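Asker: The following comprises the amino acid sequence and a computationally predicted model.
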Amino acid sequence: MSFQPVVLGGGVSGWRFLQRTLDKQAEAFAKSAPMVRDETHFREKIIAVKSVDDLVGDRRLMTVLLGAFGLSGDINNRFFIRKVLEEGVDLPGALANRLADKRYFAMAEAIGFSGGVAPTSRAPDFADKIITAYRAQSFEAAVGAQNPDMRFALALKRDLTSLAAKPGSDNAKWYTLMGTPPLRKVFDTAFGLPSSFAALDLDRQLSVYQERAQSMFGDSKLSQFADPEKIEELTTRFLVRAQLTAVQTDTSPAAFALQMLQNMPRVQRPLPR
């Protein structure tokens, strides 16, 4: 049986507890039997992969590979994943280059099937890199099963730090963020943006993100989030807004009763004589 992470509630208090216990919990999770079996299989079999069919035909290999990029939900979309991997990333028209979700590009680039070039899965450190990412993503998914907001917060530190530190224009980084669903979820929530915001023209979205970043953090650049203190501030804003939204949209009987009690007029009791 896999180790189940302990998550004590949501919001900032829940996040602080998770941070205090993160290293020990992640270590215990990585040592659980299912994780060890998946990782052992990946290490043993990935070196023999010579074609996309070899890879896609092995469900356990695909479990680790897709899991490493947060794409576990595509485990049964074999035709789609095969096409993403076969076309690679070298040609502008390749599927991975055309998809809005940049995680597919990252996976196709990492595995390296393109134009007959040997896949990078044969590189000595390939398995280590994929397994490290798989451990992190799997642990975050287990945390997310108990509290989705905590999963987003965990992924934020890793993914945003990496994106902010990448070379290239700041606008390009913002566009990459827009195409990375977990990061976008955090920013949209922290910035108080509605779900309809994603339907706007990309250039308009960019302007809004930059305006909100300037207003809240004093800087419109995404590269500012290379600073751990800025990421922690963003995380806090995200968790507070997410918890507030959850309370406002809670339609459970308990929440309804509480709302009724809060809205009841106060009874003016006569002063004792």
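Answerer: Ah, there it is.

Asker: Alpha carbons only: can I get stretch 18-28 in CSV?
Answerer: Output for stretch 18-28, consisting of C-alpha atoms alone and laid out as CSV, is shown next (Å, rounded to 0.1, in the frame of the first residue of the first chain):
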residue,chain,number,x,y,z
LEU,A,18,2.9,20.6,5.1
GLN,A,19,6.1,22.7,4.6
ARG,A,20,7.3,21.6,8.1
THR,A,21,6.8,17.9,7.3
LEU,A,22,7.4,17.9,3.6
ASP,A,23,10.9,16.3,3.4
LYS,A,24,10.0,13.4,5.7
GLN,A,25,6.6,12.8,4.0
ALA,A,26,8.1,12.9,0.5
GLU,A,27,10.9,10.5,1.5
ALA,A,28,8.4,8.0,3.0
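
Asker: Which positions in stretch 103-110 come out as buried?
Answerer: Applying a neighbour-count criterion of 16 or more other Cβ atoms under 10 Å, one finds 103-108, 110 buried in stretch 103-110. To be clear about C-beta, it is placed using only N, CA and C from the backbone, and glycine gets the same treatment.

Asker: buried stuff in the strand or helix carrying Leu156?
Answerer: Counting by DSSP states H and E, the element that carries Leu156 is helix 148-165. Along helix 148-165, the positions that meet the burial threshold by neighbour count (16+ other Cβ under 10 Å) are 149-157, 159-160, 163-164.

Asker: now do stretch 230-249
Answerer: 230-231, 234-239, 241-243.

Asker: Can you add secondary structure and distance to Val143 and give these back as a markdown table?
Answerer: A markdown table is the format used below for the buried residues of stretch 230-249 (DSSP: H, G, I helix; E, B strand; the rest coil; distance: Cβ to Cβ, whole Å):
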| residue | secondary structure | distance to Val143 |
| --- | --- | --- |
| Lys230 | helix | 23 |
| Ile231 | helix | 18 |
| Leu234 | helix | 18 |
| Thr235 | helix | 14 |
| Thr236 | helix | 18 |
| Arg237 | helix | 20 |
| Phe238 | helix | 15 |
| Leu239 | helix | 13 |
| Arg241 | helix | 19 |
| Ala242 | helix | 14 |
| Gln243 | helix | 16 |
